[in-house]
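Asker: dropping the sequence and predicted coords here.
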Amino acid sequence: MNQKKTLAVVGGGPAGLMAAEVLSAAGVQVHLYDAMPSVGRKFLLAGRGGLNLTHSEPFDVFASRFGDRQAQVQPMLEAFGPRQMQDWAHGLGIETFVGSSGRVFPKDMKAAPLLRVWLHRLRAAGVQFHMRHRWLGWENDQAPATALRFGALQGEQQARPDAVVLALGGASWSRLGSDGAWWPWLHARQVALAPLQPANCGFDVGWSEHFASRFAGHPFKSVALSFTDRQGRSFARKGEFVATATGIEGSLVYAAAALLRDEINASGGEGATCHIDLLPDRTAAQVAAAVNHPRGARSLSSHLKSRLGLDGIKSGLLHEQLSREDMHQSQRLAEAIKALPLRVRAARPVDEAISTAGGVRFDALDANLMVTALPGVFCAGEMLDWEAPTGGYLLTLSMASGAAAAHSALRWV
């Protein structure tokens, strides 16, 4: 019976490819559609600096990284989580290792070899790939939920599979295919959607021209960032980030991005103030003692460099944020070194973000990831309303949700 069934997967990112793998393994005919000339483009770009597959931390900690969506996503992760992710890579002949941060990488750190082997296996399993096929919604308002329209080079195409897995991504990195163009089609069919917002993103600060010209692109190393929002939710972590021409970005900023973004939204656009500890490995008392140490004829900058190692961009940030009077008031300066207020005014545009928050709300789906308003249509990946920090969480849940949606589609047919 399965041989007579045809299922469509729309979207060729990790979630869609995993859905295609599960479906093809069950013996159904799988057609995968993608608007781009080739699949996995965002996957390849994300892996240029070293493909972070997943994380090796305990499962309960891993699941907690999904915050308010933990209850919805944990069942998917229990079926295909960090351990299964590594086993899957090993099944493709890709050796992995655990880095010092606990993150899991392919031994050669590259995404391209993994994707190449994966696609070979999918094609051998009979998956048919339809490139440059942009989903345009449904045939008409009265058409079945599985009656699909595609824009292709040869003109408009139609397909009527027995079930559909939508894995269309979010709205970041649109040049690679994740452009959120699916939003109006689902909205028109009364599917509940949460606004698409930047996640794991940078923020605008509004530097002076002097600071931006001198320090854009320079890293803040060995600092700590802390923030507490109006609801009492807190973030505090040591790490690194980078100054940009307009503000800040980088791993430490991305980790706090959801709280900062939500606080900016709640403030009506007034911004959010975090605090930067420029010397997290020194106590407040040690910093105060060094600042108050007699400096003789040395300049303040020379004194801070000599006693505390503060120079470069860290010194520049102090001068950017503090008045001349505060810089020469020892107590105020010492306090600022340990907790310098930094107001971020706006998140960078969603297309620049690493990932996207918002999307198809879980209350628009049944327990099997089927859209209740669209029988036979299942959703997976980043187009669902969840977000997570970087560190392997995004890729693992994208693939876990692709597998879950595919298993549900099989039961449906």
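Answerer: Received the coordinates, thanks.
Asker: now the helices for the stretch 1-150 of the chain?
Answerer: Taking DSSP state H, counting those that start in this stretch as the criterion, the stretch 1-150 of the chain contains helices spanning 14-25, 41-46, 59-64, 70-79, 82-91, 112-124.
Asker: now swap in the stretch 201-350 of the chain and tell me
Answerer: 209-215, 251-266, 284-292, 300-308, 312-321, 324-327, 330-338.
Asker: quick check, central residue of this protein?
Answerer: Centroid check for the chain by C-alpha atoms, centre = their mean gives residue 355 as the closest residue, at 3.3 Å.
Asker: out of the helices of the stretch 201-350 of the chain, nearest to residue 140?
Answerer: Checking the helices of the stretch 201-350 of the chain against residue 140 by C-beta to C-beta gives helix 251-266 as the closest, at 36.7 Å. For every residue, glycine as well, the C-beta is placed using N, CA and C.
Asker: residues of the closest one that come out buried?
Answerer: Residues of helix 251-266 classed as buried by neighbour count (16 or more other C-beta atoms under 10 Å): 251-264.
Asker: neighbouring contacts of it?
Answerer: Helix 251-266 is touched from outside by 67, 197-203, 220, 223, 225, 227, 229-230, 233, 235, 237-241, 270-272, 274, 344-347, 354, 357, 387, 389-390, with contacts defined as C-beta atoms under 8 Å, 6 or more residues apart in numbering.
Asker: highest average neighbour count across the helices of the stretch 1-150 of the chain?
Answerer: Using mean count of other C-beta atoms under 10 Å, the stretch among the helices of the stretch 1-150 of the chain with the largest mean neighbour count is helix 14-25, at a mean of 27.
Asker: using CSV, write out every CA atom in that one.
Answerer: The C-alpha coordinates for helix 14-25 follow below in CSV (Å, rounded to 0.1, in the frame of the first residue of the first chain):
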residue,chain,number,x,y,z
PRO,A,14,17.9,20.0,7.4
ALA,A,15,14.3,19.6,8.6
GLY,A,16,13.0,18.9,5.1
LEU,A,17,15.9,16.5,4.3
MET,A,18,15.4,14.6,7.5
ALA,A,19,11.6,14.3,6.7
ALA,A,20,12.5,13.0,3.2
GLU,A,21,14.8,10.4,4.8
VAL,A,22,12.2,9.1,7.2
LEU,A,23,9.5,9.0,4.5
SER,A,24,11.7,7.3,1.9
ALA,A,25,12.8,4.7,4.4
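Asker: from the contacts of helix 251-266, which would you call buried?
Answerer: 197-203, 220, 223, 225, 227, 229, 235, 239, 241, 271-272, 274, 344-347, 354, 357, 387, 389-390.
Asker: give me the pLDDT for residue 2.
Answerer: At residue 2, the predicted lDDT confidence score is 47.
Asker: ugh, wrong one, I meant residue 309
Answerer: Looking at residue 309, its pLDDT is 93.
Asker: burial of it, as a residue count?
Answerer: The tally of other residues near residue 309 (other C-beta atoms under 10 Å) stands at 14.
Asker: figure out which of the helices of the stretch 1-150 of the chain is closest to residue 316.
Answerer: Evaluated with C-beta to C-beta, those place helix 41-46 nearest to residue 316, the distance being 31.1 Å.
Asker: and that closest one, what other elements does it pack with?
Answerer: Applying 3 or more C-beta pairs under 8 Å, 6 or more residues apart in numbering; DSSP states H and E, we find helix 41-46 packed against helix 112-124.
Asker: could you redo the last one with a cut-off of 10 Å?
Answerer: Under the contact criterion of 3 or more C-beta pairs under 10 Å, 6 or more residues apart in numbering; DSSP states H and E, helix 41-46 touches helix 14-25, helix 112-124, helix 393-412.
Asker: tabulate the ones you listed in CSV, adding columns for mean pLDDT and distance to residue 87.
Answerer: Listed next are those as CSV, based on pLDDT from 0 to 100; distance: least, C-beta to C-beta, whole Å:
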stretch, mean pLDDT, distance to residue 87
helix 14-25, 98, 13
helix 112-124, 97, 14
helix 393-412, 97, 12
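Asker: would you turn those helices into JSON lines with distance to residue 290?
Answerer: As requested, the helices and strands packed on helix 41-46 are exported to JSON lines (distance: least, C-beta to C-beta, whole Å):
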{"stretch": "helix 14-25", "distance to residue 290": "49"}
{"stretch": "helix 112-124", "distance to residue 290": "49"}
{"stretch": "helix 393-412", "distance to residue 290": "39"}
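Asker: ok, which of the ones you listed comes nearest residue 81?
Answerer: With C-beta to C-beta, the closest approach to residue 81 among those belongs to helix 393-412: 6.7 Å.
Asker: out of the helices and strands packed on helix 41-46, which gets nearest to residue 169?
Answerer: Nearest of the helices and strands packed on helix 41-46 to residue 169, taken as C-beta to C-beta: helix 14-25 at 7.9 Å.
Asker: tell me how far the closest one is from the chain's mean position?
Answerer: Computed by C-alpha atoms, centre = their mean, to the nearest Å, the chain-centroid distance of helix 14-25 equals 21 Å.
Asker: what of stretch 166-173?
Answerer: Distance of stretch 166-173 from its chain centroid, counting by C-alpha atoms, centre = their mean, is 11 Å.
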